[in-house]
Structures are given as structure tokens and as C-alpha cells.
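Novice: generate coordinates for the sequence data below:
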Amino acid sequence: MVKETVPEDQLFGYFGGEEEGLGGEPSGLIVFLEVDENRVKDASLEALGKARELADTLGVYVSAILPREDEGLARGMFFYGADRLLIVEGEGYDWMDWVRRLAAIVESHNPEVLLLAATPYGKSLAGCLAQRLKTGLVGGCTALEIDTGERLLLMTRPLYGGKLMECSVCPRGRPQIASLRPVAFPLPLKDESRSGEIIRLTKKS
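Specialist: Below you'll find the predicted structure:
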């Protein structure tokens with residue numbers, strides 16, 4: 001496991017190379033993890049497990065954003081499917097500070113897909129991020145699949161109380177953003193043999 005500290009003002013120069021980063025094609029998936037007291041919410045673990053499944057289909061990595069300085073909690077996320085944990089300092093930020101900061105992380109990482117849990121907090125954050133990143137969002141998804149030929153995320157959600165199911169795609173904007181309805185996806189199985197990379201993003205002075 002590699003641990004690195006990246007100053008926030010160097011963030012845009014950090015993620016790069018052939019696989020992902022600015023100047024290249026979008027690649028990989030990012031999951032935003034919500035923390036309740038000292039644990040990651042089950043709804044976020046469900047999103048992480050689905051991200052792992054989609055990433056395996058595409059042959060890419062999964063990065064997870066943890067808004068808590070807790071390396072023990074971060075290491076546990078490798079067991080549930082993350083390849084890289086981005087630990088974000090959380091003190092001293094109001095709501096819009098968080099939106100701007102997370103948008104900067106996403107833009108630097110340049111993922112194909114961004115997943116969040118469709119909790120009240122997650123839905124608000126997803127909407128603000130989609131607007132700031134100028135991309136599409138489908139909220140409250142109950143099924144996700146990948147069109148491997150076009151690399152499109154097929155996002156399905158119920159309408160009219162579940163009487164109709166709508167499948168949507170985001171053909172142009174990146175990342176493709178979806179919020180996942182809690183309990184609609186299974187919790188991932190724990191695999192303690194997995195490990196990954198921890199990157200702490202420090203607050204810009």
C-alpha cells in the first residue's frame with residue numbers, strides 16, 4: 001500500500017498517465033462515500049460494490065472519496081472493492097466549498113462514471129456536482145449496466161411509483177453520474193485479501 005500526501009493546489013497535476021487523467025480519455029470510476037459517525041453508510045458500500053462490478057466489466061480502476069481523515073476506515077474500503085482511496089480533510093468547509101473541492105477531484109481524476117448513494121445528502125451533492133461539471137445525472141437508480149461497445153452507463157430508475165421503468169444514458173457529458181437508491185443493490189462481499197493505494201489530499205494553505 002502506497003501512502004502519499006498531495007497538496008490541493010497540485011491536484012490537477014497529480015492524476016495523469018496513459019490510464020487516466022487530464023489530457024487523456026476518461027477512465028475509471030469514482031464513488032463518493034458517506035460517513036455516519038465512525039462507519040461508511042451501507043448505501044455507500046452498495047454503490048462501491050456496484051462500482052467494482054462495473055469496473056471489472058470495463059477493465060478499469062475504482063477510486064473512492066472518503067471525507068474523513070481515518071486511514072483505518074479507508075483501508076477497510078479496499079476489502080469492498082476500492083483500488084484507491086482519496087482521503088479528504090473535512091474541517092473548515094461549508095457546503096459549496098465541498099462541492100467545489102469534490103468537483104476539482106473529479107475533474108483531475110477524469111473518470112467515466114461517478115456514483116453516489118441516493119440519500120438526502122447524496123442527492124443534493126449529485127445535483128450540484130452535475131451542474132458544476134456540466135454533465136448528466138440520473139437519480140434514484142435501481143439498476144446499472146454497461147454498454148461495453150459505447151462505454152455508456154445504462155441507468156434505470158422507477159417512475160410513477162414503480163409502474164414504469166426508465167433507462168437513460170448520458171452520451172456526451174463525462175463523468176456519467178448516477179445516484180443509487182439504498183437497498184436496491186446488494187452489499188458487496190468482504191475480501192480481506194484486497195489492498196490498494198491511499199492518497200491524502202491536504203487543505204490548500
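Novice: for this protein, what spans make up the strands?
Specialist: In the chain, the strands defined using DSSP state E lie at 3-7, 29-32, 35-36, 39-40, 62-66, 84-88, 113-117, 137-141, 143-147, 152-159, 164-168, 176-180, 197-202.
Novice: so which bits of the longest one are buried?
Specialist: For strand 152-159, the buried set under the neighbour-count rule, 16 or more other Cβ atoms under 10 Å, comprises 152-158. In short, each C-beta sits where N, CA and C put it, glycine included.
Novice: of those residues, which is the nearest to Arg52?
Specialist: Distance to Arg52, by Cβ to Cβ, is smallest for Leu153 among those, at 14.6 Å.
Novice: looking at the buried residues of strand 152-159, spot the one nearest Met77.
Specialist: Leu153 (21.4 Å).
Novice: what bridges to the closest one?
Specialist: On the basis of DSSP bridges, Leu153 is bridged to Ile146.
Novice: how much space between it and Val35?
Specialist: 25 Å (Cβ to Cβ, to the nearest Å).
Novice: for Leu137, same thing?
Specialist: Leu137 sits 22 Å away from Val35, going by Cβ to Cβ.
Novice: more neighbours: the two, which one.
Specialist: Set side by side, Leu137 and Val35 show more neighbours around Leu137, with 23 against 15, by other Cβ atoms under 10 Å.
Novice: residues in contact with the more buried one?
Specialist: Counting by Cβ atoms under 8 Å, 6 or more residues apart in numbering, Leu137 makes contact with 126-127, 129-130, 170, 177-179.
Novice: roughly how far does it sit from Glu69?
Specialist: Distance from Leu137 to Glu69, by Cβ to Cβ: 28 Å.
Novice: ok, now Ile177?
Specialist: 26 Å.
Novice: what number of residues lie near Leu116?
Specialist: 28.
Novice: can you get me a residue count around the closest residue to it other than its chain neighbours?
Specialist: Closest residue to Leu116 apart from its sequence neighbours, by Cβ to Cβ, 6 or more residues apart in numbering: Gly122 at 4.2 Å. Counted with other Cβ under 10 Å, the neighbours of Gly122 add up to 23.
Novice: so Gly122 makes contact with Phe32?
Specialist: Yes: in this structure, Gly122 is within contact of Phe32 by Cβ atoms under 8 Å, at 7.1 Å.
Novice: got CSV for the strands of the chain, with distance to Leu73 and mean pLDDT too?
Specialist: Formatted as CSV, the strands of the chain follow (distance: least, Cβ to Cβ, whole Å; pLDDT from 0 to 100):
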stretch, distance to Leu73, mean pLDDT
strand 3-7, 14, 48
strand 29-32, 14, 96
strand 35-36, 7, 89
strand 39-40, 7, 92
strand 62-66, 7, 94
strand 84-88, 9, 90
strand 113-117, 16, 97
strand 137-141, 25, 95
strand 143-147, 25, 95
strand 152-159, 27, 93
strand 164-168, 33, 91
strand 176-180, 20, 96
strand 197-202, 11, 86
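Novice: redo those strands as CSV? Include distance to Lys50.
Specialist: Converted to CSV, the strands of the chain look like this (distance: least, Cβ to Cβ, whole Å):
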stretch, distance to Lys50
strand 3-7, 27
strand 29-32, 9
strand 35-36, 19
strand 39-40, 14
strand 62-66, 10
strand 84-88, 17
strand 113-117, 7
strand 137-141, 9
strand 143-147, 6
strand 152-159, 11
strand 164-168, 16
strand 176-180, 7
strand 197-202, 21
